[in-house]
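Visitor: Could you work out the structure for the sequence below:
(2 chains)
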Amino acid sequence: MMRRRDWLFGFSTVSLFLGSGCRGHQYGHLLQPTDKNLVGSHEAGAEVFDPLVDEAVAKLLARQEEAWPECPVGPDGLPAKKSICFVCVENKMAEDIGDFKDQLYEQIDSRILESNAFQPISRRMIDAALVETRLRPDSLMVPDNMRLLSSVLQRDGAPVDYFLYAKLTSGTTKRNTSTQRDYLLTLEMVNLHNGSYDKQSSEIRKGYHKTAMGQAWNYNPFKR
Amino acid sequence: MTLRTGKSVHRFIASCMAIVACAAMLGCTTHAKRISLPRTHFYDGQLTECREQLEKIHKKHQQDRDVVNLDLAVVDLLDGQCQQAERRLKEVRDRFDHLEQTSLTEKTVSMWTDDSVRAYAGEDYEKILIRVFLALSNLMHDGIDAESYTLQIQDKQEAIAARLAPSGEGEANAAAFPGLPIGYFLRGMLREQTHQNYDDALKGYSQAAALLPECVPLQWDVARVQNGVHSQPGNGVVYVFAMVGRGPYKVEVSERPTSEALLIADRIVSAVGPYQLPPTIAPIKIPDVVVPASDVDAVHVSVGDQPVGSTVSIADLEQLAESTYRSQRNQIVARAVARRVIKKATVVAAKKSMGANNLTGLGMDLAGVAWEATESADTRCWGLLPRDIQVLRVEAPVGVHRLQLHPMFHQLYHPNPHTIDVRVDNGRNTYVLCWFPESRTPGRVLTSHPAR
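Guide: Numbers count the residues shown, from 1 in each chain, chains lettered A, B, ... in the order given. The predicted structure is shown next:
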């Protein structure tokens, strides 16, 4: 009896100081195109950025294609698409976007390339021109700077018709332990020839909650 | 007092000796003792001998492998083998990530032996510094992955802050673990070099400046990315990263547990039965962080014969290691006390089950004391770190320049500067890494863009 109690004591003492758990392995799997994106628990991820890009670019290009239903033909008989210098993605959100920034640039650039109306200029050429001129992307709206960059690109064989900027912004609303964040992607296109500009935004709203019931409590049909 | 027969006394003595021998085998030499010779070689400037010794330990002591790999990575880096250093660092980074999960087996075994049987998962500051050194190693050869490493620094800092914050998230994170300024600085530095992402650069420099409000060059960086450009046309930038001083390492110290801790331990054991605890003789052995005094303050840099300035601190590892240790010290002591309770309980249970008389009981008590005394503190750590990582930014015209690096000892320049020829490219960064642990140690200097 005594011996059993000794062992029980020993076992319980050991257990007292030990947590549970064993080291496991890490696994990965491929997602199918139909699989839904993970929804980030603390900040925006693919579930926010992918639809933002899709919507904003599609609407902007559709409007531009409506303005020029038929693509002008160049002297060589090929369609003369308007050339776009996609300058940068600016992050003005409350969150870091980390490695998403370059991916957003590439996503938008690729969508523009697929359109019938526009031809984006290679990012590498834009980078080289910015290094050569030492112009900041946010200083390109100064007419002299705009002319300088476009002349360098033209010299390198890439004349510019438009400058395109993408800007991410966010607005945060807090209610006790729940937070709503509205993410806005704005594409702003400036015509170098006449100074006119076009703009397109898309928005996604997302809620963050510290309790599992936060969503049901704050977003239900009975809540005003 | 009952006298035992000669046979039973012999059996008992043999049992005691077996216990003591087992305990002695489990914990005897510490990592600190094993690493002392290679460390001496390192600070004598004998990198080859240091590497040989470290490789021997790496082969012989499995539990030391990760920390020895980290020390070897430093040796590789200073020896100019940057890719090899990066490979080692990546291996340890992945191991430490894996070891963040707990192992029940190791925890159990460590309660019967000591903490050195547990796989070493790295201190928080080491996990961040691995990524910092990965970025620096990468910048010293092709720089392709450096940006990824800076993002990983950020991720790791956020993960540590989230773990340490009492509430788990929110603003408390920043207070719980503010992060290392060098992580933010490297991010800002690399984003500025793109000539496009000045907003990211501003964020990085601002975060670094918030952690080091008295660092004037960081204020210049913030101002430059707010309104200026990376460099003037026809210029490039040289970043001199200086590793100065001897960094923190762990040693074993003996410490008597607090009376409160022992009282709790005694109560736990006594509450279970009418046991008498053996007298507490052996003090608890715990690791302590030591930072040797250093006589190198900074590095003064001249381009050609023109002095351009001195490096300034962006990562005070001494302070970081000490603060990390302080925050974990109570846990280490608590684990040691818990281990003592378990060992005492084992002795008591064994005495009871054997029906030990006075003589046998005394022998078992002595064996128990010996068992406790053979414990070793877990002194594993990244032992070849510098005390301080410093940086200086120098804008220079395109071309080849001769840099003179003067280590400053007690505010005095070293009479014989180290020189290195570097190539500066238009609108690009060139990196110089130098290491001056102390005045007697020959310095090491390497660059990402050597003059051809």
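Visitor: residue ranges of the helices in chain A, please?
Guide: Assigned by DSSP state H, the helices in chain A fall at A:2-17, A:46-67, A:100-114, A:123-133, A:143-155, A:214-218.
Visitor: got TSV for those helices, with distance to A:His193 too?
Guide: Any C-beta I mention is one placed from the backbone N, CA and C, and that applies to glycine too. Output for the helices of chain A, formatted as TSV (distance: least, CB to CB, whole Å):
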stretch	distance to A:His193
helix A:2-17	75
helix A:46-67	14
helix A:100-114	18
helix A:123-133	19
helix A:143-155	10
helix A:214-218	49
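Visitor: quick one, which of these is nearest to B:Pro417?
Guide: helix A:123-133 (32.2 Å; CB to CB).
Visitor: what comes up buried for the closest one?
Guide: A:123, A:126, A:128-133 (16 or more other CB atoms under 10 Å in any protein chain shown).
Visitor: hang on, the earlier thing: among the helices of chain A, which is nearest B:Lys344?
Guide: Of all the helices of chain A, helix A:2-17 sits nearest to B:Lys344, with 9.8 Å by CB to CB.
Visitor: tell me the mean pLDDT over that closest one?
Guide: Averaging pLDDT along helix A:2-17 yields 53.
Visitor: picking up where we left off before, of the helices of chain A, give the one that comes closest to B:Glu322.
Guide: Here helix A:2-17 is closest among the helices of chain A (CB to CB), at 26.6 Å.
Visitor: which stretches of chain A have low pLDDT?
Guide: Low-confidence segments of chain A, defined by pLDDT under 70: A:1-23, A:68-75, A:77-79, A:224.
Visitor: Skip the chain neighbours and tell me the closest residue to residue 44.
Guide: Answering for chain A, as no chain was given. Leaving out its chain neighbours, the residue that sits closest to A:Ala44 by CB to CB, 6 or more residues apart in numbering or on different chains is A:Tyr183, at 5.6 Å.
Visitor: sorry, should have said chain B
Guide: Closest residue in space to B:Asp44, ignoring its immediate chain neighbours: B:Thr441 at 7.0 Å, by CB to CB, 6+ apart.
Visitor: got a list of what that neighbour touches?
Guide: B:43-45 (CB atoms under 8 Å, 6 or more residues apart in numbering or on different chains).
Visitor: can you point me to the longest helix in chain B?
Guide: Assigned via DSSP H, chain B shows its longest helix as helix B:317-354.
Visitor: Give the other helices and strands that the following helix or strand past that one contacts.
Guide: For helix B:317-354, the following helix or strand on the C-terminal side (DSSP states H and E) is helix B:358-373. If you count contacts as 3 or more CB pairs under 8 Å, 6 or more residues apart in numbering or on different chains; DSSP states H and E, helix B:358-373 packs onto helix B:6-26, helix B:317-354.
Visitor: Mean pLDDT lowest where, among these?
Guide: Among those, helix B:6-26 scores lowest, at a mean of 52.
Visitor: In a strand, B:Val301, correct?
Guide: Yes - the assignment for B:Val301 (DSSP: H, G, I helix; E, B strand; the rest coil) places it in a strand.
Visitor: Tell me which residues touch the nearest residue to A:Leu185 once chain neighbours are set aside, please.
Guide: Using CB to CB, 6+ apart and skipping the chain neighbours, the partner closest in space to A:Leu185 is A:Leu52 (4.1 Å). By CB under 8 Å, 6+ apart, the residues touching A:Leu52 are A:183, A:185, A:202-204.
Visitor: From B:His41, how far out is the residue nearest to B:Asp44?
Guide: In this view, B:Thr441 and B:His41 are 11 Å apart by CB to CB, to the nearest Å.
Visitor: just B:Ser294 next, same as before
Guide: Per CB to CB, B:Ser294 is found 18 Å from B:His41.
Visitor: again with A:Gln26
Guide: From A:Gln26 across to B:His41, the span is 37 Å (CB to CB).
Visitor: more neighbours, these two?
Guide: Remark: of A:Gln26 and B:His41, B:His41 carries more neighbours, 19 against 8, as counted by other CB atoms under 10 Å in any protein chain shown.
Visitor: you'd agree the more buried one is up against B:Cys50?
Guide: Yes - with contact defined as CB atoms under 8 Å, B:His41 reaches B:Cys50; the gap is 3.8 Å.
Visitor: Now do whatever helix or strand B:Gln207 lives in against helix A:100-114: the angle between them, please.
Guide: Using DSSP H and E, B:Gln207 sits in helix B:198-211. Orientation of helix B:198-211 against helix A:100-114 (axes from the mean of the first three to the mean of the last three CA atoms, to 10 degrees) gives an angle of 170 degrees.
Visitor: Contacts for the helix or strand that contains B:Leu54, please.
Guide: Using DSSP H and E, B:Leu54 sits in helix B:47-60. Contacts to helix B:47-60, defined as CB under 8 Å, 6+ apart, come from residues B:34-35, B:37-39, B:41-42, B:64-65, B:68-69, B:71-72, B:75, B:78-79.
Visitor: ok so, going back, keep only those of the contacts of B:Thr441 that are in strands.
Guide: Among those, no member is found in strands (DSSP state E).
Visitor: Cross the residues you listed against helices and list the overlap.
Guide: Taking DSSP H as the definition of helices, the contacts of B:Thr441 contribute B:Tyr43.
Visitor: Just the buried ones from the contacts of B:Thr441?
Guide: When the contacts of B:Thr441 are checked for burial by 16+ other CB under 10 Å, the buried set is B:Tyr43.
Visitor: Reformat the contacts of B:Thr441 as CSV; add pLDDT.
Guide: Output for the contacts of B:Thr441, formatted as CSV (pLDDT from 0 to 100):
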residue, pLDDT
B:Tyr43, 92
B:Asp44, 91
B:Gly45, 90
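Visitor: what would the contacts of B:Thr441 look like in CSV with distance to B:Val432?
Guide: Below are the contacts of B:Thr441 laid out as CSV (distance: CB to CB, whole Å):
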residue, distance to B:Val432
B:Tyr43, 22
B:Asp44, 24
B:Gly45, 19
